[in-house]
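Enquirer: fold the following for me, if possible:
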Amino acid sequence: MDNDVTDGRDESPDERSDRNWVELLQELRVMQMGVQILTGFLLTLPFQQRFGDLDTFQTGVYLTLVALAVLSTGLFVTPVSLHRALFRKHRKTTLVTLSDRIARAGVLVLAFVVTGTVLLVVDVVVDRTAALWSSAVALVLLVGLWFVMPRLVAHGPAERV
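Expert: Got it, this is the predicted structure:
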C-alpha cells in the first residue's frame, strides 16, 4: 500500500497498518461485488437457450472466462483468509503488503474477465471482427483507467492543503 512515511500523519506504524488495512478492505468490497455479479452472469449462460449454438471459439472463450472469474474471486477473497491466518500474530504490515499485491493481481485478472466478456458477447451478437476490436478497446480502456492513471496520479505533484 502506501510506503510514504512522511505524509504528515501523526500515527505509529501499527496505526498506519490498521488504517491501510481498513482502506484495502473497503476497496475489496467494491471489487468483490463487481466480480460476483460478473461471475454470476457467466455461470447462468449455459442455461440459456442459445448457449448450445456457440462455436468452438466461443465455448473456449466462455470456459476461459469462468476460470478467470473464479481466479479473480479467489484473489479478492484471499486477503480475508490471510487475515484469519495472521489474526493476533502481530503481522499486520505483512498482511497489508501481501494483500495489496494480491488485490492488484485480482484487478488485472478482472480486467481480462471484463475484456473477455466483451469479446464473447459482441462475438455472439455481432461478429468476430467487431468482437476482437471491441475487446481490444475495452482492454486498453481498462488498463488505462485501472493501471496507467493511478500510476500517473501517484507520481504526480503532491497536493498542497
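Enquirer: buried stuff in the longest helix out of those in the chain?
Expert: Longest helix in the chain by number of residues (criterion: DSSP state H): helix 92-125. Neighbour counts using 16 or more other C-beta atoms under 10 Å place 92, 95-96, 99-100, 102-103, 106-107, 109-120, 122-124 of helix 92-125 among the buried residues. No exception for glycine: its C-beta is placed from N, CA and C like everyone else's.
Enquirer: and for stretch 60-72?
Expert: Residues 61-62, 65-66, 68-72 are the ones in stretch 60-72 that count as buried (16+ other C-beta under 10 Å).
Enquirer: ok, residues contacting it?
Expert: By C-beta atoms under 8 Å, 6 or more residues apart in numbering, the residues outside stretch 60-72 that reach it are 35, 38-39, 42-43, 45, 54, 106, 109-110, 112-113, 116-117, 119-120, 123.
Enquirer: helices or strands up against the helix or strand hosting residue 26?
Expert: Following DSSP states H and E, one finds residue 26 within helix 13-44. The helices and strands touching helix 13-44, judged by 3 or more C-beta pairs under 8 Å, 6 or more residues apart in numbering; DSSP states H and E, are helix 56-86, helix 92-125.
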